[in-house]
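*Asks:* no sequence for this one, just the structure:
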């Protein structure tokens, strides 16, 4: 694991409001330190730590390949984060800046952004190119999650 994979994000628990540090890489699913509720797992990854953050994840991962200058990427981001909260404990959302991480972009043959890639244990389950409305995004993810992960 690289030093970057040891980064943390601070997340407020949707149940009790406690602020928790959530690591980019962890065994299992992050849970609130106060009430043990599963926390939304939203992290950034780069070429250097992608394998540790994504491929070694114990739960399905939705990779959002995006760019800061991309309007549709910025529009879909809140819906993705909301979905990660609703599926806390069952889905990890990993955001990858396409411009700064060409190896990840090449791996998934990204030619248009946003590109969403759903993986389970490092294997691609499905890919969605372009921004979807929130309800269609939710339907797509839920229909592609492994049984028992919804």
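*Replies:* Received the coordinates, thanks. The structure presented is a predicted model; accordingly, all values stated were derived computationally and were not measured.

*Asks:* any idea which helix is longest in this structure?
*Replies:* Ranked by residue count under DSSP state H, the longest helix found in the chain is helix 71-86.

*Asks:* Run through who's touching that one.
*Replies:* Under the contact criterion Cβ atoms under 8 Å, 6 or more residues apart in numbering, helix 71-86 has outside partners 14, 40-42, 62, 64, 66-68, 91-93, 95, 113-114, 116, 130-134, 137-138, 141. (Glycine included, C-beta is placed from N, CA and C.)

*Asks:* again, but for stretch 10-26
*Replies:* So stretch 10-26 is contacted by 1, 4-9, 30, 32-35, 37, 39-45, 49, 52-53, 56, 85, 88 (Cβ under 8 Å, 6+ apart).

*Asks:* which residues does residue 63 form a beta bridge with?
*Replies:* When bridges are called by DSSP bridges, residue 63 pairs up with residue 94, residue 117.

*Asks:* My guess is it contacts residue 54. True?
*Replies:* Yes - between residue 63 and residue 54 there is a contact at 6.3 Å, judged by Cβ atoms under 8 Å.

*Asks:* any shared contact partners between the two?
*Replies:* What both residue 63 and residue 54 touch, as defined by Cβ under 8 Å, 6+ apart, is the set 45, 94, 119.

*Asks:* which of those lies closest to residue 104?
*Replies:* Checking the shared contacts of residue 63 and residue 54 against residue 104 with Cβ to Cβ, the nearest one is residue 45 at 7.5 Å.

*Asks:* The closest one and residue 24, how far apart?
*Replies:* 7 Å (Cβ to Cβ, to the nearest Å).

*Asks:* Residues that sit against both of the two, list them.
*Replies:* residue 53.

*Asks:* hmm, back to that, now which of the contacts of helix 71-86 would you call buried?
*Replies:* Among these, those classed as buried by neighbour count (16 or more other Cβ atoms under 10 Å) are 40-42, 62, 64, 66, 91-93, 95, 113-114, 116, 131-132, 137-138, 141.

*Asks:* What's the first helix or strand after the helix or strand of the chain with the lowest mean pLDDT?
*Replies:* Lowest by mean pLDDT, DSSP states H and E among the helices and strands of the chain is strand 8-12, with a mean of 87. Per DSSP states H and E, the first helix or strand lying C-terminal to strand 8-12 is strand 19-23.

*Asks:* Before I go, just wanted to say thanks for your time.
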